[in-house]
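Colleague: model this:
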Amino acid sequence: MRINMALVASAIFSSIVIAAPSIIQGYHDSETKLLLSPKEIPKQYPDLVEKEIGGTSFAEYSLDRRMDTNRNTTKAIEERLERFVAFVRSFAGETQFDYSLFGTQIDMLSIAILDIDSLVRNISPPNLDLLEKLVYTKHMFEVMVNVVDIMERSVRVDCTCRRFLYAVAELRAMTLALLNSRGEPDLNLPGIYDKMALFIHRRNALEAEFNSFRLLPLDVRMISWDHLIKTDRLLQKVEAELSSPEYQILQI
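Modeller: Here you go, the predicted model:
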């Protein structure tokens, strides 16, 4: 009996793609991004061109940086990293995290952060300040991707806790947007006091709801509690910074 190896290979590849978690599919290695020419990127990711920050889309900005001969300067790399952070934060507003739109940008943003990572690590001598920012930026992006995965799964789950899990994950993303590229409270963020008050109120309501559940699936309990704890720590950190004498003096 002859075996069609092409069909076998196709079946194996299909099974791998189906089995792979959705969160993994958004990432590309360094070799993959090098295969994309500047003209191909907007064709493959047309949605990204629609969302703009300061009048210029992140896709257009990224393409400009790729073609810029000065893109390897420390200043240009830092500017690009800050732009990346600002773009990711823009999806998390005061009342919601646009996880659906953010989900469409994960592929492109994964390529962008890998490119930034390569640029930062090739600076000689090493720039510790930029490396510190890079570490946090990658962490923030990974958390946002994880939040998208949780929110998408919560919509599909058929149980009474689906809304609760959705709200917990969404709050985590919105509170992350209070931090800058160093992972520190962004004290220059407009309306930060109002946002803090709203987020603290939401956190308290979600914690009370969590404690009221008698039968909560173990996986939901573990995920939601982990995000609630980390959200609480983040809010405490921002609250402490806003209450510091140094910040109060700046408001006079």
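Colleague: need the longest helix for the protein.
Modeller: Secondary structure of the chain read by DSSP state H shows that its longest helix is helix 128-156.
Colleague: Let me see the contact set for the residue lying closest to M151 once chain neighbours are set aside.
Modeller: Counting by Cβ to Cβ, 6 or more residues apart in numbering, Y99 is the residue found nearest to M151 once chain neighbours are left out, at 4.5 Å. C-beta here means a position set from N, CA and C on the backbone, and glycine is covered the same way. Y99 makes contact with 91, 147-148, 151-152, 170, 173, according to Cβ atoms under 8 Å, 6 or more residues apart in numbering.
Colleague: Look up how far D149 lies from Y99.
Modeller: Y99 sits 9 Å away from D149 when distances are taken as Cβ to Cβ, to the nearest Å.
Colleague: before we move on, what about I200?
Modeller: I200 sits 26 Å away from D149 when distances are taken as Cβ to Cβ.
Colleague: And for T231?
Modeller: For T231, the distance to D149 (Cβ to Cβ) stands at 17 Å.
Colleague: Ok, L234 next?
Modeller: Counting by Cβ to Cβ, the separation of L234 from D149 is 20 Å.
Colleague: Repeat that for I116.
Modeller: Shown here: I116 relative to D149, a distance of 22 Å by Cβ to Cβ.
Colleague: Can you show me the helices along the stretch 1-150 of the chain?
Modeller: Along the stretch 1-150 of the chain, the stretches classed as helices by DSSP state H, counting those that start in this stretch are 5-19, 22-25, 30-34, 40-44, 46-50, 58-67, 74-89, 99-121, 128-156.
Colleague: burial count for L109?
Modeller: When neighbours are defined as other Cβ atoms under 10 Å, L109 has 22 of them.
Colleague: Please apply the same query to H139.
Modeller: 12.
Colleague: What residue, apart from its backbone neighbours, is nearest it spatially?
Modeller: G183 (7.5 Å).
Colleague: show me what contacts that neighbour?
Modeller: The neighbourhood of G183, defined by Cβ under 8 Å, 6+ apart, consists of 136, 139-140.
Colleague: Now do the SS call for it.
Modeller: coil (DSSP: H, G, I helix; E, B strand; the rest coil).
Colleague: measure it to E241 for me?
Modeller: Summarising the geometry, the distance separating G183 from E241, computed by Cβ to Cβ, is 12 Å.
Colleague: before we move on, what about V168?
Modeller: When distance is defined by Cβ to Cβ, V168 is 24 Å away from E241.
Colleague: of the two, who's got more company?
Modeller: Neighbours were counted for V168 and for E241 using other Cβ under 10 Å; V168 has more, 28 against 16.
Colleague: Secondary structure element holding the more buried one?
Modeller: In this structure, V168 is located in helix 162-176 according to DSSP states H and E.
Colleague: Alpha carbons of that helix, in CSV - could you do that?
Modeller: As requested, the backbone C-alpha atoms of helix 162-176 are provided in CSV (Å, rounded to 0.1, in the frame of the first residue of the first chain):
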residue,chain,number,x,y,z
ARG,A,162,-18.5,34.0,32.1
ARG,A,163,-19.3,37.7,32.6
PHE,A,164,-17.2,37.7,35.8
LEU,A,165,-14.1,36.2,34.1
TYR,A,166,-14.5,38.6,31.2
ALA,A,167,-14.7,41.6,33.6
VAL,A,168,-11.7,40.5,35.7
ALA,A,169,-9.5,40.1,32.6
GLU,A,170,-10.7,43.4,31.1
LEU,A,171,-9.9,45.3,34.3
ARG,A,172,-6.4,43.9,34.3
ALA,A,173,-5.8,45.4,30.9
MET,A,174,-7.3,48.8,31.8
THR,A,175,-5.1,49.1,34.9
LEU,A,176,-2.0,48.1,33.0
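Colleague: helices or strands up against that helix?
Modeller: Where contact means 3 or more Cβ pairs under 8 Å, 6 or more residues apart in numbering; DSSP states H and E, helix 162-176 is packed against helix 128-156, helix 192-212, helix 218-242.
Colleague: CA atoms only: put stretch 145-159 into PDB for me.
Modeller: Taking Å, rounded to 0.1, in the frame of the first residue of the first chain, the C-alpha atoms of stretch 145-159 are listed here in PDB:
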ATOM      1  CA  VAL A 145      -2.300  39.000  24.600                       C
ATOM      2  CA  ASN A 146      -3.200  36.700  27.500                       C
ATOM      3  CA  VAL A 147      -6.100  38.900  28.500                       C
ATOM      4  CA  VAL A 148      -7.400  38.800  24.900                       C
ATOM      5  CA  ASP A 149      -7.200  35.000  25.000                       C
ATOM      6  CA  ILE A 150      -9.100  34.900  28.300                       C
ATOM      7  CA  MET A 151     -11.800  37.300  27.200                       C
ATOM      8  CA  GLU A 152     -12.300  35.400  23.900                       C
ATOM      9  CA  ARG A 153     -12.700  32.100  25.800                       C
ATOM     10  CA  SER A 154     -15.000  33.700  28.400                       C
ATOM     11  CA  VAL A 155     -17.400  34.600  25.600                       C
ATOM     12  CA  ARG A 156     -17.500  31.000  24.500                       C
ATOM     13  CA  VAL A 157     -17.900  29.400  27.900                       C
ATOM     14  CA  ASP A 158     -21.400  28.400  28.900                       C
ATOM     15  CA  CYS A 159     -21.600  29.100  32.600                       C
END
